[in-house]
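1. Provide a 3D model corresponding to the input given below.
(one chain, ligands or ions: 1)
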Amino acid sequence: MSEATEFRAEVAAWLADNCPAGARGPGQIPNGSTKITLEPDVAQWLAAMVEKGWTAPTWPKEYGGGGLSAGQAKILFEEMGEIGARSPLMGMGTSMIGPTLLEYGTEEQKQQHLPKIARGEFQWCQGYSEPNAGSDLAALKTRAIDNGDHYLITGQKIWTSGAATADWMFILVRTDPDAPKHEGISFMMLPMDQAGVTTKPIRLISGSSPFCETFLDDAVAQKSDLVGELNKGWTVGKRLLQFERSGIGGLTGGARAANPGATLVRIAKQYIGEEQGKIADPAMRRTILDMNMQRAAFQYTAQRANEENKSGIPGAATSIFKLVGAGLQRDGADLKREIMGFRGLGAHEEVGFNADELKATEEFLHLRTTTIYGGSNEIQSNIIAKRVLGLPE
Ligand SMILES: Cc1cc2nc3c(=O)[nH]c(=O)nc-3n(C[C@H](O)[C@H](O)[C@H](O)COP(=O)(O)OP(=O)(O)OC[C@H]3O[C@@H](n4cnc5c(N)ncnc54)[C@H](O)[C@@H]3O)c2cc1C
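-> Okay, the predicted model is just below:
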């Protein structure tokens, strides 16, 4: 038996014993927030995975990770997908600030923050966008002023996802207003529960409030929480965006509970009809085939890029995966809604829409946003033109 086969068997056996029924299929996924109560099975699943270091499987063991190779982590995610196990922990801790600290943090910062992130002790949020700094992020104006052993931060952030329940924020601030705009920016971390931080949820048409305006009024960040050098935060902030984009684009792993291609076929047979085991409408059969081939090609390309790139997540090329991956996710959701007809636009269980239909509506609405956050499609195209293809501006 090969090492990989042996590892797969061990993982499958461990998951069967340790993933409770209430942590399989759709449902609650912890994000580390101290303000959100976990269901008992979800808490048990998180604790078991923390014990193995598998909430951050490829991080070194000394920082709370599992010390797995990329190949072993892939096996873990595949086996989780086999039994419908949910991710034990998600959010900006493990996917964005954690990998950034591994590259840019001091040893002290790694020791202080990474084990807590891997244990899901805190939820993190991202203080990048401002009312006049979105695509042009380097136009940000939030100021941090040196005040002895700490900085005092004043300004406003916007679209801060999860800020209302987050415990910590990583933030880009201006520390030298006289320097050229990319050169006077620093990257810091600060606790959210302090007098200088106020969050105001932004209510959407759906009634939910996934993100906030965040007001900073002499908020305190310790000097020990400056990541990288003072005024060199643009480099750190851009690297974090590459981790964010690789997650959105599907370059980094995660449990893949459902096979989206098979789901489309199942739904089409159900809503359009079936003849001799095939989707009844040949045109729709062709459309679904095209979509599934594009998805498969994308998945193999992502796998190849990961295998070729021994040093971890690639640089500017992550923009290609973000652009194409977000587009495919959006188009897949559009197609699912099209197959379902008006039933793919249901908003309420009470008026007779089933779980598949409600999910289709939610995906149709949500997957528009993946083409915006982490940098819009147009911005990804600009980066690919400039940094990957080397085209003139
Ligand atoms: C669901 C969601 C969650 C988010 N979460 C966070 C978060 O947690 N933290 C955070 O800091 N931010 C967050 N954002 C904000 C996000 O990063 C910004 O919305 C995004 O960067 C675009 O900025 P903007 O909204 O200011 O749009 P603008 O920059 O005003 O852009 C408007 C339009 O102009 C286009 N455009 C702008 N400049 C150019 C150019 N140079 N070339 C071509 N086209 C251009 C854009 O593509 C876009 O279509 C979130 C956004 C969404 C939708």
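
2. and the pLDDT at the residue in the chain sticking out farthest from the centre?
-> The C-alpha centroid of the chain is most remote from Gln276, which lies 40.8 Å away (C-alpha atoms, centre = their mean). Note on Gln276: pLDDT of 93.

3. same thing with the one 4 residues further on?
-> Taken from the predicted model, the pLDDT recorded for Ala280 is 95.

4. before we move on, what about the one 3 residues further on?
-> At Ala283 the predicted local confidence, pLDDT, stands at 96.

5. residue contacts, it?
-> Listed by C-beta atoms under 8 Å, 6 or more residues apart in numbering, Ala283 has no contact partners. Glycine gets a C-beta too; all of them are placed from N, C-alpha and C.

6. same check on Asn147?
-> Contacts of Asn147 (C-beta under 8 Å, 6+ apart): none.

7. quick one: it from Ala221, how far?
-> According to C-beta to C-beta, to the nearest Å, Asn147 and Ala221 sit 10 Å apart.

8. how about Thr287?
-> For Thr287, the distance to Ala221 equals 51 Å [C-beta to C-beta].

9. between the two, who's got more neighbours?
-> Ala221 (25 against 17; other C-beta atoms under 10 Å).

10. give me the number of residues near the residue of the stretch 1-150 of the chain found nearest the ligand?
-> Per C-beta to the nearest ligand atom, Gly134 is where the stretch 1-150 of the chain lies closest to the ligand, at 1.8 Å. Using other C-beta under 10 Å, Gly134 has 18 other residues around it.

11. quick one, phi/psi of it?
-> phi -120, psi -90 (degrees, to the nearest 10).

12. gap between it and Asn377?
-> Applying C-beta to C-beta to Gly134 and Asn377 gives a distance of 13 Å.

13. got it, and Ile29?
-> Ile29 sits at a distance of 27 Å from Asn377 (criterion: C-beta to C-beta).

14. what does Glu82 give?
-> 33 Å.

15. okay, domains of the chain per the record?
-> Structural domains annotated on the chain: 3-102, 124-232, 258-388, as defined by automatic domain parsing.

16. end to end, how far does the first one reach?
-> Meaning domain 3-102. Terminal residues of domain 3-102 are spaced 28 Å apart (C-alpha to C-alpha, to the nearest Å).

17. off-centre distance for it?
-> The chain centroid and the centroid of domain 3-102 are separated by 15 Å under C-alpha atoms, centre = their mean, to the nearest Å.

18. is that domain in proximity to the ligand?
-> No. Applying C-beta under 6 Å from any ligand atom, one finds domain 3-102 separated from the ligand by no less than 7.5 Å.

19. pLDDT (mean, whole number) over that domain?
-> Domain 3-102 comes out with an average pLDDT of 95.

20. can you give me the helices for this structure?
-> 3-18, 40-52, 70-82, 92, 98-104, 107-118, 233-249, 260-271, 282-308, 318-340, 355-366, 377-383 (DSSP state H).

21. in TSV, list these along with distance to Asp178.
-> Shown next, in TSV, are the helices of the chain (distance: least, C-beta to C-beta, whole Å):
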stretch	distance to Asp178
helix 3-18	55
helix 40-52	46
helix 70-82	43
helix 92	31
helix 98-104	25
helix 107-118	28
helix 233-249	16
helix 260-271	50
helix 282-308	40
helix 318-340	31
helix 355-366	42
helix 377-383	27
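
22. wait, Gln329 sits on Arg368?
-> No. If you go by C-beta atoms under 8 Å, Gln329 and Arg368 don't touch, sitting 9.9 Å apart.

23. pick out whichever of these two has more residues nearby.
-> Gln329 (22 against 14).

24. kindly state the pLDDT recorded for that one?
-> Looking at Gln329, the pLDDT reads 91.

25. not counting its neighbours along the chain, what's nearest it?
-> Computed as C-beta to C-beta, 6 or more residues apart in numbering, the closest residue to Gln329 that is not its neighbour in sequence is Leu367, at 4.9 Å.

26. so who does that neighbour touch?
-> 326, 329-330, 332-333.

27. how about a cut-off of 10 Å?
-> With contacts defined as C-beta atoms under 10 Å, 6 or more residues apart in numbering, the neighbours of Leu367 are 326-334, 336.

28. now do Tyr63
-> 53, 56, 98, 101-102, 105, 110-111, 113-118.

29. check Thr235 too.
-> 104, 182, 185, 187, 228-229.

30. switch to 8 Å and redo it
-> Each residue near Thr235 by C-beta under 8 Å, 6+ apart is listed here: Gly228.

31. my read: Phe215 touches Met192, true?
-> No. With contact defined as C-beta under 8 Å, Phe215 does not reach Met192; the gap is 11.8 Å.

32. which positions in this structure make contact with the ligand?
-> 125-126, 128-129, 134-135, 159-161, 211, 369, 372-373, 375-376, 378-379, 382.

33. so how far is Gly233 from Gly196?
-> From Gly196 to Gly233 the distance is 19 Å (C-beta to C-beta).

34. of the two, who's got more company?
-> Gly233 (27 against 15).

35. surely that one and Val227 touch.
-> Yes. The criterion here is C-beta under 8 Å, and Gly233 meets it with Val227 at 7.4 Å.

36. mind listing the shared neighbours of the two?
-> Shared contacts of Gly233 and Val227, counting by C-beta under 8 Å, 6+ apart, come down to 187-188.

37. run a quick neighbour tally on Met293.
-> Met293 has 11 neighbouring residues, counting by other C-beta under 10 Å.
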